[in-house]
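Peer 1: quick check, what structure comes out for this input:
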Amino acid sequence: MKQRPNLASSPLPDVRPVLVVGVALALVAVVLTGISLGEFIRARGTEKAATSALVRLQARRSELATKVGANNRRLASVGWKALQAETVAMQEVVARRTLVWSQLLAEFERLVPWDIRLVSIAPTIDKNGSVLVGLSGVAASREAWLKLIALLFVDRKFSEPLPTAEESPSATNGQGHRFSLTVRYWPEGRP
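Peer 2: Residues are numbered from 1 along each chain as shown. Modelled structure (predicted):
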């Protein structure tokens, strides 16, 4: 007959530490699974929010592209040459408004001899800050007229006096020497 092992003779191994470690590992696995599941749910929510934001942004982009296309069509129909001409005209109006007439007239009053009468003053504003002034008037004598030109040459506020017309006294012109000239006026003085 065969012998049976005597279990009572050898001590039973203590499996409690293995059991405790196994249970602890199972608990850690459950906790980590819960954390992973929470992270997954949060990531899923963030992904849905990003997807809805992307849809909104694409709709906004489409709306803006439509507006840009409409604006481009409107800009294409603008008469750019006419607009540029209007802009230049407006710049001239603004430049004329910046011309201080009282200062210009005071300069002529200071400079023009007593025996010359100015009939018209026609300023044209240049881009370089100067004013091209067309003058016409009547002088008592030719010497007074030439004296005016000489005074304009030497004054620091004026430059380039250029006679454009002169008419001596005659039967049709009994007032005196009529003249016309252009001169460049520098409000701040010649550069």
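Peer 1: where does this structure dip in pLDDT?
Peer 2: 1, 5-12, 92-99, 128-129, 171-174 (pLDDT under 70).
Peer 1: so V119 sits against V112, correct?
Peer 2: No: contact criterion CB atoms under 8 Å: V119 and V112 do not qualify, at 11.8 Å. Backbone N, C-alpha and C define where each C-beta goes, glycine included.
Peer 1: these two: which is more packed in?
Peer 2: Legend: neighbour count by other CB atoms under 10 Å for V119 and V112, higher for V112 (19 against 12).
Peer 1: residues in contact with that one?
Peer 2: Neighbouring residues of V112 by CB atoms under 8 Å, 6 or more residues apart in numbering: L118, L148, L151.
Peer 1: tell me how far it lies from L105.
Peer 2: Here V112 is placed at a distance of 10 Å from L105 (CB to CB, to the nearest Å).
Peer 1: joint contacts of these two?
Peer 2: Counting by CB under 8 Å, 6+ apart, V112 and L105 have no contacts in common.
Peer 1: rewinding a little: would you mind giving the contacts of V112 as JSON lines with secondary structure added?
Peer 2: Output for the contacts of V112, formatted as JSON lines (DSSP: H, G, I helix; E, B strand; the rest coil):
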{"residue": "L118", "secondary structure": "strand"}
{"residue": "L148", "secondary structure": "helix"}
{"residue": "L151", "secondary structure": "helix"}
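Peer 1: just the buried ones from those?
Peer 2: Among the contacts of V112, the ones that count as buried by 16 or more other CB atoms under 10 Å are L148, L151.
Peer 1: run through the strands of the chain in chain order.
Peer 2: Counting by DSSP state E, one finds strands in the chain at the ranges 116-125, 131-139, 158-167, 177-185.
Peer 1: just give me the neighbour total for L181.
Peer 2: Using other CB under 10 Å, the number of residues around L181 comes to 19.
Peer 1: I should have written F158 there, sorry.
Peer 2: For F158, the neighbour count with other CB under 10 Å is 22.
Peer 1: next one: it from M90, what distance?
Peer 2: 28 Å.
Peer 1: do the same with W114
Peer 2: 40 Å.
Peer 1: likewise V55?
Peer 2: From V55 across to M90, the span is 46 Å (CB to CB).
Peer 1: repeat for A150
Peer 2: For A150, the distance to M90 equals 38 Å [CB to CB].
Peer 1: go on, V28?
Peer 2: From V28 across to M90, the span is 80 Å (CB to CB).
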